[in-house]
Structure formats: C-alpha cells, structure tokens
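>>> Got a sequence here, can you build the structure:
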Amino acid sequence: MKKRSLYLDCHTGISGDMVVAALLDAGADREVLETVLKSIPVSGFEIAISRVQKAALSACDFKVVLDAAHENHDHDMKYLYGKEESHAHGEHFYSEESHTHGEHSHSEESHTHGEHSHSEESHTHGEHHHHEHRGLTEIYSIIDGTNMLDSARALAKKIFRILAEAEAKAHGVPVEEVHFHEVGALDSIVDIIAAAACVDNLGVDEVIIPALWEGEGTVRCQHGILPVPVPAVTNIVMEYGIPLGKIGEPGEYVTPTGAAIAAAIGTSRELPECYRIVGNGLGAGKRDYKRPGLLRALLLETEEAVYESDSILKLECNIDDCTGEALGYTMELLLENGARDVHYIPVYMKKNRPAYQLTVICKKEDREKLEAIIFRETTTIGIRYVEMVRTILPRRTEKRQTSYGVVAVKICEGEGEVRITPEYESIREICRERGLSFQKVYEDVLQELK
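Predicted coordinates for the structure are as follows:
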C-alpha cells in the first residue's frame, strides 16, 4: 500500500505566498486554483504566477497584485528596516537601495502574506492607503462565498482561526474582538484561500514539517518596532509545539500566515526512513534578505503495511436543555478545530429527561481545545474521555476524471480489496451546478470508478 506525504522544508522561512508557489510547483492543479480564486466574492486584486531566479535556482512565484486602494508595504524593505523610517532597529538595517517590493524586484505591486500588522488602524508610508478591517465573522463569510470544496474551505477557516487566537493572545482580547488589519487584508485572504485549495488538491495523507527557521532582530509593523519572531508567530509555535530553528541572519523569515498554515496542516515532524520523491516544488519569497527565501515542497511516496494503528481520544458528555441550532453549531466548530468525527445519540437521562450524548473522536493534542468549545457552546458541565487504540485501513484521496468532470475519491486497500468511493463534497458540487439528484450522480460516478 502506498502512502502519499507532503514535506515542507522551511530552512529559509515560510509565508503564505511561498506555500502557494511551492505547492503549485510540486503539482497542485493551477486550473483548480484559478477557478477558486476567481470565485472569491471581493474585488481589487489580480493573480500573477511566473518563474523567477532565486539563488541561481528556478522557482515558482505566486503574486497577488493589488489595486491602489489595497496596496501595502509588506515587502518594502526600506519601510520594514530602513534607517530613515526607523530609529529603533539596532544593528539590523538595510540600505536605501535594498527596498525592492519582493525578492525579484516586483516594484510597486507588493502583496502581504498576512504578516505582523495587527489592529484596526492603518499605517502610512508616503501615500496613505485605507485597509479594510475584518473580524473573523467577515472573513468566514468571504470564505463561505468562495467556490471551493468543503474540505478546503474548512482548512482555510482553520488557518484564520489559528491566526485570530494568536492575535487575541498577543493583544489580550477575546478572539471575537480581534479585527485584522494586514492579516485580514485582501491579499492575505487570497493567500490563505489559495494555500488551502492547493493542499486539498494534492490529496496527501500527511504533511511533514520538522521545524520552522526564523531570522533575528526587529521589524517595523503597524504598532511600531517588534522583535523577531513577532508575537503572533511566537504564540502559534508555542500553542502547536512547532520547533523553531535559527537562521542567523536579520529579518522576519517566518510570517504569521506561514506559521498558521504550518500549524493547520502539519501532522508529523519526522521524514520516513525510506521514500520515493514523486513531486518537487520550489516557492519564491518576496523580501530582499541576505539569505534568499525559498520554500521547498516534496511529494513523497512510501510503502506501508496493510493495516495501521494509532491512538485517539474519545470525548463524551450528556447534554440536555440545549437547542438543535446550538448543537449543530457546536459540531461545526469541533470539526473546524481538528475533531476527526463528531456525532450525537438521543438518550434518556435521570427522571426520563430526553437529551443527547455528544461523542467526539480527536487527537490527544486537540483535547483541551475541543473541550473548551464544548463547555462554551453547550450546557454540559462535565466531559469524560478515554484513550483508545484503533486499527485502520490505509487511505488516500485522489482526483479522478469522470463523465461529470473531475471528482475527488477516497481509496482504501485491505485484504486484497481496493475500495474507491466518491467524496461527498465533490458529488454535492456537481449536483448543485447541474441540478441533478445526489443519488443519480453518486451511482453513476461509482459505476465509472469500478
């Protein structure tokens, strides 16, 4: 049985646009990505995908070109580190000549990865530009209005949720009160939606990120001068236990968006002992640092045993006096925040009161976060949990061509049998677009896959 993995080599940093570029170069479907990005229900941007030279290597460059109303200074080295604009950067200054907007001179058309500008006020540098301030609810609404698979949509929301929690901790406010500035700006939303779509399109079984490597010194942001790593990155790597390595050069190599993506998709820190490389991608960074920013993405295949086993937790609680709407919303939040499965069972409690038993299957590291959601969103006052070992069939997700178009399918192998089943989200999208019944499309696709 073959297992498909994605390995991200972050030795020279990670940002949102670097992730998208590396995944496209490694084999993510460009047409699928462009279709998703064209459906984002906001205006003011265009996409440019090209090849550039970085450190004498050919790399993919993913660029969000903003109009004048949304432009910012995220890649303006003179703004971020220049002597004239700042007097508190210590020894980590960059010369007047090194302020190209992107590491391969993209001039005025800079874009952000969702980096280190964290509140409602907008900053100025020369000409003043207004940036929209969006809360998590507004950003979720934009993601919901985008034409993408539900699995990719859930991942995009998860990335923004991680960012929101990191910003809330940095500023000492509830996550619901966080209003993003640069992080919620247009190019950041595009970067995150694009990254989620590409990861989902690759259909990998695991994502291996051993560590993130960061620079040193300070960097200018909307609030003034911040140390590197900036507070949002620090909070993310602490919360998700991501090791941080030292590059030994001044500069912000790990952006909050890059760290949030790594936290959202990473499932392993260790490369397998033996593997085949089936895809190779190189994504170019934009900032003009002494050590060029390049993110390498490798698609790996390994042979694995027919059966797998792992350890999971089962959380349970009984809930009464809670509305169906609240229970449905709780299920959505649990799935968005890492729960592997969630279900309700009707039960009768003492005095024959009808109620529901909530069961959540999750990883150990997600327990406290999911328990917090249950306590906050339901009326339960106690949650029981138990660690369980399970035997599972290896599975992978692939894209298959059918008479209805490209359909995502899940493939499981065991006991000499290969099971191929269409993914619900793909079938649902076809039914909505063509006005067909779910059962007919599902059965037709299933027959074509046999």
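
>>> so who does the closest residue to C362 other than its chain neighbours touch?
Once flanking residues are discounted, C362 sits nearest to A339: 5.0 Å by Cβ to Cβ, 6 or more residues apart in numbering. C-beta: built from backbone N, CA, C; applies to glycine. The contact partners of A339, taken as Cβ atoms under 8 Å, 6 or more residues apart in numbering, are 360-362, 366, 370.

>>> tell me which residues in the strand or helix carrying A355 are buried?
Applying DSSP states H and E as the criterion places A355 in strand 354-362. Residues of strand 354-362 classed as buried by neighbour count (16 or more other Cβ atoms under 10 Å): 355-356, 358, 360-362.

>>> I'd like these as TSV, with pLDDT and distance to I427 appended.
Converted to TSV, the buried residues of strand 354-362 look like this (pLDDT from 0 to 100; distance: Cβ to Cβ, whole Å):
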residue	pLDDT	distance to I427
A355	94	34
Y356	96	28
L358	97	28
V360	97	26
I361	96	24
C362	95	27
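
>>> Between all of the residues you listed, which two are at the greatest distance?
Using Cβ to Cβ, the two most remote members of those are A355 and C362, lying 21.8 Å apart.

>>> Would you convert the buried residues of strand 354-362 into a markdown table that also reports distance to Y424?
Below are these laid out as a markdown table (distance: Cβ to Cβ, whole Å):
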| residue | distance to Y424 |
| --- | --- |
| A355 | 29 |
| Y356 | 23 |
| L358 | 22 |
| V360 | 20 |
| I361 | 18 |
| C362 | 21 |
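
>>> by contact count, what packs against the strand ranked longest in the chain?
Once the chain is assigned using DSSP state E, the strand that runs over the most residues is strand 308-319. Packing partners of strand 308-319 (3 or more Cβ pairs under 8 Å, 6 or more residues apart in numbering; DSSP states H and E): strand 354-362, helix 367-377, strand 384-392.

>>> so which of these comes closest to A185?
helix 367-377 (26.9 Å).

>>> which other helices and strands contact that closest one?
When contacts are defined as 3+ Cβ pairs under 8 Å, 6+ apart, helix 367-377 packs onto strand 308-319, helix 324-336, strand 354-362.

>>> Those: which one's closest to K54?
Shortest distance between K54 and the helices and strands packed on helix 367-377, using Cβ to Cβ, is found for helix 324-336: 35.1 Å.

>>> List the buried residues for that closest one?
If you call a residue buried by 16+ other Cβ under 10 Å, then helix 324-336 has these buried ones: 327, 330-331, 333-336.

>>> So for that helix, mean pLDDT?
The average of the pLDDT scores along helix 324-336 is 95.

>>> before we move on, what about stretch 162-181?
Averaged across stretch 162-181, pLDDT comes to 82.

>>> And for stretch 272-281?
94.

>>> Restrict that stretch to CA atoms and write it as PDB.
This file holds the C-alpha atoms of stretch 272-281, laid out as PDB (Å, rounded to 0.1, in the frame of the first residue of the first chain):
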ATOM      1  CA  PRO A 272      10.100   8.300   6.800                       C
ATOM      2  CA  GLU A 273      13.300   6.200   6.700                       C
ATOM      3  CA  CYS A 274      12.900   5.400   3.000                       C
ATOM      4  CA  TYR A 275      10.700   7.100   0.400                       C
ATOM      5  CA  ARG A 276      10.400   8.000  -3.300                       C
ATOM      6  CA  ILE A 277      10.200  11.600  -4.400                       C
ATOM      7  CA  VAL A 278       7.300  12.000  -6.900                       C
ATOM      8  CA  GLY A 279       7.000  15.700  -6.900                       C
ATOM      9  CA  ASN A 280       9.400  18.600  -6.300                       C
ATOM     10  CA  GLY A 281       8.400  22.300  -5.900                       C
END
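
>>> Contacts made by it with the rest, please.
By Cβ under 8 Å, 6+ apart, stretch 272-281 touches 4-5, 21-27, 60, 296-302.

>>> residue ranges with poor pLDDT in the stretch 351-450 of the chain?
415-416 (pLDDT under 70).

>>> Could you rerun that using 80?
Residue ranges of the stretch 351-450 of the chain with pLDDT under 80: 393-395, 413-417, 450.

>>> how far does stretch 316-335 stretch from start to finish?
End-to-end distance of stretch 316-335 (Cα to Cα, to the nearest Å): 15 Å.

>>> about what we covered before: nearest to E165, of the buried residues of strand 354-362?
When the buried residues of strand 354-362 are compared for distance to E165 (Cβ to Cβ), C362 comes out closest, at 17.2 Å.

>>> Bridged to the closest one, which residues?
In this entry, C362 is beta-bridged to L313, by DSSP bridges.

>>> wait, doesn't it sit right on S311?
No. Here C362 does not reach S311: they are 11.1 Å apart, not a contact under Cβ atoms under 8 Å.

>>> rewinding a little: which positions in the longest strand of the chain come out as buried?
By 16+ other Cβ under 10 Å, the buried positions in strand 308-319 come out as 312-313, 315, 317-319.

>>> what's the answer for stretch 48-68, then?
Buried residues in stretch 48-68 (16+ other Cβ under 10 Å): 52, 54, 59-66.

>>> among the residues you listed, which are in strands?
Here DSSP E is the test, and those give 52, 54, 59-66 as lying in strands.

>>> Now distance to E34 too, for the helices and strands packed on strand 308-319, in a markdown table please.
Converted to a markdown table, those look like this (distance: least, Cβ to Cβ, whole Å):
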| stretch | distance to E34 |
| --- | --- |
| strand 354-362 | 35 |
| helix 367-377 | 34 |
| strand 384-392 | 35 |
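
>>> With D17 as the reference, name the closest of the ones you listed.
It is, among the helices and strands packed on strand 308-319 and with distance given as Cβ to Cβ, helix 367-377, at 28.0 Å.

>>> ok, back up a step: residues in contact with the longest strand of the chain?
Residues outside strand 308-319 that contact it (Cβ under 8 Å, 6+ apart) are 327, 340, 347, 349, 355-364, 367, 370-371, 374, 378-380, 382-394.

>>> Same question for stretch 31-49.
20-21, 24, 30, 60-67, 69-70, 142, 145-148, 152, 186-187, 189-190, 193-194, 197-198, 201, 406.
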